[in-house]
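Asks: Have a look at this prediction, sequence included:
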Amino acid sequence: MFSRLFQKPGRKDPARTPPDCVVWAVGDIHGRSDLSGPLIQAIRADLSATSAGRRVIVFLGDHVDRGPDSRGVLDQVIEAAADPSLEVHCLRGNHEDRMEAFLDDPALGPGWCDYGGRECLMSYGVVPPAMRGDPAGWTAASQALRAALPDSHLRLLRSQGHSVAIGNYFFAHAGARPGVALEAQSPEDLMWVRQDFLDHPAPFEKVVVHGHTPADVVVSDARRIGLDTGAYATNVLSAVRLEGEARALLQATGRGDRVSLSTRSLTA
């Protein structure tokens, strides 16, 4: 279904998935269920058609906030995770982290809403307070979100991991701290690191697949694959298919019912 381009011959130790394994990684969705719906459908169709015994989807976090339908996105992720033929990993992004924290500490509401929490609340039918300095209003909003949140959504938020390693790939929301072994990375860095990771030239033990930092194009090299294409603002949601040494890009582009899918190969 998807075109593939193998990494250049002559490279030492090219990154690979395990034998008999296909992995899809999905970048930051940020409430854009109109994009994630067809993209996830295409991924599941591809995995259904493959002969590989291990079929994996990794959601890289930041499913919520900014876009209009955080609730719908979590429904889609939960539906995919319920498929017994799939191995699904839902990683914790900094936005899920702040959403869950708001349930326990309403005082975090104004800061959360400054970067997308307002849209998330409204997708659950909760209207945030008009004033930042309204502690009673933020407490009421936190309680209303807890009441509106389906049990399945709360379980997803509570159960999200910070990273997963598959073959020669390491998946995390934001990236990893240079100079620290991947297995020793802190949860905070896995959710929040940015320039220290992006600007450091040295590779890690594995190729890091991440989101968190929006870019105009997907970055794919011997060190990292960056999949955040700013879907909430650009109308472009990106995912990568990994099998053996091959990488292929899938993107959902558009808005509402005018979303199209495109595929192309990626080089390392």
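Replies: Great, that's in hand.
Asks: how much space is there between residue 64 and residue 92?
Replies: Plainly put, residue 64 is 11 Å away from residue 92 if you go by Cβ to Cβ, to the nearest Å. All C-beta spots, glycine's among them, are computed from the backbone N, C-alpha and C.
Asks: In contact with the residue positioned nearest the centre of the chain, which residues?
Replies: Ranked by distance to the mean C-alpha position of the chain (Cα atoms, centre = their mean), the top residue is residue 60 at 2.6 Å. Residues in contact with residue 60 (Cβ atoms under 8 Å, 6 or more residues apart in numbering) are 25-28, 91, 93, 171-173, 209-212, 227-228.
Asks: That one - nearest residue in space that isn't next to it in sequence?
Replies: By the measure of Cβ to Cβ, 6 or more residues apart in numbering, the closest residue to residue 60 outside its immediate chain neighbours is residue 211, 4.3 Å from it.
Asks: State the number of residues packed around residue 202.
Replies: Neighbouring residues of residue 202 were enumerated by other Cβ atoms under 10 Å; the total is 7.
Asks: Angles on the backbone of it, please.
Replies: Comment: the main-chain dihedrals of residue 202 come out as phi -70, psi 140, following degrees, to the nearest 10.
Asks: Provide a list of residues in contact with the residue lying closest to it once chain neighbours are set aside.
Replies: Using Cβ to Cβ, 6+ apart and skipping the chain neighbours, the partner closest in space to residue 202 is residue 178 (6.5 Å). The contact partners of residue 178, taken as Cβ under 8 Å, 6+ apart, are 196-197, 200, 202, 204.
Asks: Now list the buried members of the residues you listed.
Replies: With neighbours counted by 16 or more other Cβ atoms under 10 Å, those contain buried members at 197, 204.
Asks: how about a markdown table for the contacts of residue 178, with pLDDT, distance to residue 142 and secondary structure added?
Replies: Compiled in a markdown table, the contacts of residue 178 are given as follows (pLDDT from 0 to 100; distance: Cβ to Cβ, whole Å; DSSP: H, G, I helix; E, B strand; the rest coil):
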| residue | pLDDT | distance to residue 142 | secondary structure |
| --- | --- | --- | --- |
| 196 | 97 | 33 | helix |
| 197 | 98 | 32 | helix |
| 200 | 95 | 38 | coil |
| 202 | 93 | 42 | coil |
| 204 | 96 | 38 | coil |
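Asks: Out of the contacts of residue 178, which two sit at the greatest distance?
Replies: Spatial extent of those (Cβ to Cβ) is set by the pair 196 and 204 at 12.8 Å.
Asks: Look up how far residue 178 lies from residue 163.
Replies: Taking Cβ to Cβ as the criterion, residue 163 is separated from residue 178 by 15 Å.
Asks: what's the answer for residue 133, then?
Replies: 40 Å.
Asks: Which pLDDT does the model give the residue nearest to residue 60?
Replies: Model confidence at residue 211, given as pLDDT, is 98.
Asks: For stretch 219-231, buried residues please.
Replies: Taking 16+ other Cβ under 10 Å as the basis for neighbour counts, the residues of stretch 219-231 that come out buried are 220, 223-231.
Asks: Can you tell me which of these is nearest residue 185?
Replies: Nearest to residue 185 among the buried residues of stretch 219-231 is residue 224, at 14.0 Å by Cβ to Cβ.
Asks: where along the stretch 51-200 of the chain do the helices fall?
Replies: Remark: helices of the stretch 51-200 of the chain, listed N- to C-terminal, are 70-81, 94-104, 109-114, 117-123, 135-148, 151-159, 187-192, 195-198; assignment by DSSP state H, counting those that start in this stretch.
Asks: Now the helix or strand harbouring residue 253: average pLDDT?
Replies: Per DSSP states H and E, residue 253 falls inside strand 246-255. If you average the pLDDT over strand 246-255, you get 98.
Asks: what's the helix or strand following that strand in contact with?
Replies: Next along the chain after strand 246-255, taking DSSP H and E as the criterion, comes strand 258-266. With contacts defined as Cβ under 8 Å, 6+ apart, strand 258-266 is touched by 2-5, 34-35, 37-39, 42, 218, 220, 225, 240, 246-254.
Asks: Please consider this matter closed, and thank you.
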